[in-house]
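Asker: Could you look at this predicted model? Sequence included:
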Amino acid sequence: MNAYFLPRDRVDELVGRLLRAAEVIAPKRVETGDVFYSPVSSPGEVAWDYKTAVEPLKRFLLPQQETVLRFSTGEKLRVEPVLEEKDRIFLAVRNCDVTGVNVLDAMFGGEIEDPYYMARRRRATFISLACLEADEQCFCVCGDAGPFLKNGYDQQWTPLAEGMLIEVGSDKGQALADAHQDLLSPAEPDQVAEKLQLAKRAEETFGEFRSYIAAAMRRLTLAETPDEVWERLADHCVECGGCTFLCPTCSCFTVTDRLEGDGGVRERHWDACLYNCYAREASGHNPRAEHSQRLRARFFHKLSHQWAQRNGRHACVGCGRCVVGCQAWAHMSAATEAIRRG
């Protein structure tokens, strides 16, 4: 694919054009100093200097609560799906979060498509911003999700000394570049070399957190993890669900029907496999009644070879949000170390 250079003094001009073309979701700093992915209305609102956004991108494609259909129960039954179709450009989002979306694509856009997810996904364009320095809890190098990517994005932007190196990774990304050719020039070899040096330095900034994903995948797949490991992890976990809701790839949900007048709506809500009631059957039987069983199921579905073979990769992108959100010590990094050590 092609690579281009965007001078630093033309970045805001290009962002302004994107704002006129679609809704732009970008990192935006709030009063507390935290950064969230949010709609922006001007180039000045984009927080280019952030490390990690508090939340991943999944809420834009798989909302925490959404109406999926409306129905009437009058003389004639009528069912109407509710599809959100809006052009969105996700600007300056991190590569771990773009990888998270790719994982969701495999689940919701595979052999059986989820029409609600795919209605949003098909009209979304992802412009990632390569990381030049890891956040203190990040381990995306362990999850093969950054800090730079070779593919999986529409465009990947890298901040250079004099501007942005723009790498194209898809037909959608190429079409976006073609539409703004007057602002871009073909990337020079020294600019590509500068990017490679930045990528090398970025990998040297990762700190203490590591995730032994390869070892955990092998032991989980071969059922070599003793029950005692899960029981120890369960002693730490408080079942708050924070890791699930902050994870870019966790997608468990429940469906409810709510009556309104002579009809009603069907809604989808985020759920968590760690919750005691998640797997409970209508009969009252719970196949995962023990906390340790639910923890084992969660990490098996994140890391097992069976899951990776079906979806193209494992389901951890190393963003570190579970490390930040965990109230104890049962996040991905701690769990893979425990599995590795047995």
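Answerer: Received the coordinates, thanks. Numbering: from 1, shown residues only.

Asker: pretty sure residue 235 is in a strand, no?
Answerer: No - according to DSSP: H, G, I helix; E, B strand; the rest coil, residue 235 belongs to no strand; its state is helix.

Asker: Need the pLDDT of it.
Answerer: You'll see residue 235 listed with a pLDDT of 93.

Asker: and it, how many neighbours does it have?
Answerer: Residues lying near residue 235 (other Cβ atoms under 10 Å) number 12. For glycine as for every other residue, the C-beta is placed from the backbone atoms N, C-alpha and C.

Asker: what does residue 22 give?
Answerer: Residues within reach of residue 22, counting by other Cβ under 10 Å, total 16.

Asker: residues touching the spatially closest residue to it that is not a sequence neighbour, list them.
Answerer: Counting by Cβ to Cβ, 6 or more residues apart in numbering, residue 22 lies nearest to residue 87, which is 3.9 Å off, once chain neighbours are set aside. Neighbouring residues of residue 87 by Cβ atoms under 8 Å, 6 or more residues apart in numbering: 21, 22, 23, 123.

Asker: mind redoing it with 7 Å?
Answerer: By Cβ atoms under 7 Å, 6 or more residues apart in numbering, the contact list for residue 87 reads 22, 23, 123.

Asker: do residue 294 as well
Answerer: By Cβ under 7 Å, 6+ apart, residue 294 lies in contact with 273, 274, 288.

Asker: Quick check: of the residues you listed, which has the highest neighbour count?
Answerer: Greatest neighbour count in the contacts of residue 294, by other Cβ under 10 Å, goes to residue 274: 24 neighbours.

Asker: Hmm, that one is touching residue 241, no?
Answerer: Yes - judged on Cβ atoms under 7 Å, residue 274 makes contact with residue 241 at a distance of 5.9 Å.

Asker: Identify each buried residue in stretch 258-277, please.
Answerer: Neighbour-count burial for stretch 258-277 flags 264, 265, 266, 267, 268, 270, 271, 272, 273, 274, 275 (criterion: 16 or more other Cβ atoms under 10 Å).

Asker: And the contacts of it?
Answerer: With contact meaning Cβ under 7 Å, 6+ apart, stretch 258-277 is reached by 64-74, 239, 241, 244-245, 252-257, 278, 294-295, 297-298.

Asker: now the helices: where do they sit in the stretch 201-342 of the chain?
Answerer: Taking DSSP state H, counting those that start in this stretch to define them, one finds helices in the stretch 201-342 of the chain at 213-221, 227-236, 242-246, 291-303, 305-311, 321-325, 332-341.
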